[in-house]
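Trainee: With the input below, show me the fold.
(one chain, ligands or ions: 2)
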Amino acid sequence: MYRLAPSILAADFTKLGQEIQATEENGAEYLHLDVMDGAFVPSISFGMPLISSIRKVSGQIFDVHMMVEEPGRYVEAMKEAGADLICVHQEACAHLDRTITQIKELGLKAGVALNPATPISLLDCVLEQVDMVLIMSVNPGFGGQKFIPYTLEKVRRLRQTLNERYLSTDIQVDGGVTLANSEALLDAGANILVAGSAIFRGDPGENTREFMKQFSEYEAKTK
Ligand code: DX5
Ligand code: ZN
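Mentor: Ligands and ions are numbered 1, 2, ... in the order given. Purely as a prediction, here's the structure:
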C-alpha cells in the first residue's frame with residue numbers, strides 16, 4: 001500500500017485549512033509538516049501553534065519532519081500539538097538512540113531522516129527500532145528543489161537491507177517528488193512519498209487524485 005504525504009510548506013497559508021482538506025478528501029493519508037529552526041537548515045518555517053491549529057481540521061497522520069538541532073527538546077510539545085509521527089535527522093542528534101526512545105515512549109511513531117550525502121549504514125544499529133526511514137532527495141531547507149538522482153540508489157539499497165533483516169519499515173522519500181519520478185521511487189522500494197510543490201502548486205485536490213491514481217495503477221501492475 002503506497003501513501004502520499006503532502007507537504008504544506010508549498011501551500012497557500014491564507015487558505016491552509018481548505019487546501020489540507022482537499023488533500024485528505026482525495027486520499028492523502030499523511031500530512032507532512034516541515035519544521036525548520038534556522039540552525040540545522042538555513043530557513044525557518046513554523047512550529048507548534050500552527051500544527052495544533054490545523055489538527056482541528058484534519059484527521060490525517062501528522063508526520064512532523066524535524067529539521068531542527070537536537071529535536072529531542074521538542075518531542076513532548078509536538079505530541080501535544082498533535083503529531084502522530086516524529087521524524088528526526090540522524091545528523092541533528094548527538095544521541096540518536098535516546099531521541100528515538102523518547103519518541104516511542106510517548107506512544108508516537110519514530111522516523112529517522114538522512115540527508116542526501118549521509119550513508120544508510122549510519123542507521124545500522126537502530127533499524128529495528130524505527131517505524132520509518134526518510135531518505136532526503138534534496139538538501140533539506142526549502143521546497144521546490146530538483147530531485148537528486150543518486151538518492152534513488154539509496155532507497156533501493158535500504159529496501160534490500162530491510163528485507164534481509166525481515167523488516168517492513170516504511171521508506172519515505174522527500175524532495176523534488178513529481179508524478180514523473182514517483183514510479184521509479186516506488187520501484188526502488190519507497191512506500192510513502194512526500195510532495196510539496198507537486199501538490200500545492202495548482203489544485204491540491206486534483207493533484208492528490210493524480211498521485212492516488214498513479215499509486216493504484218502501479219499497485220495493479222505489480223500485484
Ligand atoms: C525540504 C522539505 C520538503 C519540501 C518538499 O526541506 O523537507 O518536505 O517541502 O517540497 P517539494 O516537494 O516542493 O520538493
Ligand atoms: Zn520534509
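
Trainee: May I have the beta-bridge partners of residue 194?
Mentor: Per DSSP bridges, the residues bridged to residue 194 are residue 5.

Trainee: Those residues of the protein touching ligand 1, which are they?
Mentor: Applying CB under 6 Å from any ligand atom, we find that the chain lies next to ligand 1 at 7, 9-10, 32, 34, 65, 138, 140-145, 174-177, 194-198. Placement of C-beta: from N, CA and C, glycine included.

Trainee: Show me which of those are buried.
Mentor: Taking 16 or more other CB atoms under 10 Å as the criterion, what is buried in the residues of the chain next to ligand 1 is 7, 9-10, 32, 34, 65, 138, 140-143, 174-177, 194-198.

Trainee: thinking again about what came up before, among the residues of the chain next to ligand 1, which are in strands?
Mentor: Taking DSSP state E as the definition of strands, the residues of the chain next to ligand 1 contribute 32, 34, 65, 174, 194-195.

Trainee: from these, which two are the most distant?
Mentor: Between any two of these, the greatest separation by CB to CB is 13.0 Å, found for 65 and 195.

Trainee: Overlap in contacts, these two.
Mentor: residue 7 (CB atoms under 8 Å, 6 or more residues apart in numbering).

Trainee: Return the residues in contact with residue 10.
Mentor: Residue 10 neighbours (CB under 8 Å, 6+ apart): 143-144, 196-197, 199-201.

Trainee: pLDDT at the closest residue to residue 20 other than its chain neighbours, what is it?
Mentor: Nearest residue to residue 20 in three dimensions, chain neighbours excluded: residue 58, at 5.2 Å (CB to CB, 6 or more residues apart in numbering). Residue 58 is assigned a predicted lDDT (pLDDT) of 98.

Trainee: again with residue 223
Mentor: 86.

Trainee: what helices or strands is the lengthiest helix in the chain leaning on?
Mentor: Determined from DSSP state H, the single longest helix within the chain is helix 204-222. Under the contact criterion of 3 or more CB pairs under 8 Å, 6 or more residues apart in numbering; DSSP states H and E, helix 204-222 touches strand 3-6, helix 16-25, helix 179-188, strand 192-195, helix 197-200.

Trainee: Would you mind writing the CA trace of the fourth one as PDB?
Mentor: The reference is to strand 192-195. Extracted C-alpha coordinates of strand 192-195, given in PDB (Å, rounded to 0.1, in the frame of the first residue of the first chain):
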ATOM      1  CA  ILE A 192       5.500   6.900   1.400                       C
ATOM      2  CA  LEU A 193       6.100   9.900  -1.000                       C
ATOM      3  CA  VAL A 194       6.200  13.400   0.200                       C
ATOM      4  CA  ALA A 195       5.200  16.100  -2.300                       C
END
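
Trainee: Residue in this protein with the shortest distance to ligand 1?
Mentor: At 2.8 Å from ligand 1, residue 196 is the closest residue in the chain, using CB to the nearest ligand atom.

Trainee: mind pulling up the phi and psi values for that residue?
Mentor: Its backbone dihedrals place residue 196 at phi -100, psi -80, with angles given as degrees, to the nearest 10.

Trainee: what residues are up against it?
Mentor: Contacts of residue 196 (CB under 8 Å, 6+ apart): 6-10, 32, 34, 143-144.

Trainee: Spell out which parts of the protein neighbour ligand 2.
Mentor: 34, 65, 174 (CB under 5 Å from the ion).

Trainee: change it to 6 Å
Mentor: 7, 32, 34, 65, 174, 194 (CB under 6 Å from the ion).

Trainee: so how far is residue 86 from the residue nearest to the first one when sequence neighbours are not counted?
Mentor: With CB to CB, 6+ apart as the criterion, residue 7 has its nearest non-adjacent residue at 3.7 Å, and that residue is residue 196. Separation of residue 196 from residue 86 (CB to CB, to the nearest Å): 19 Å.
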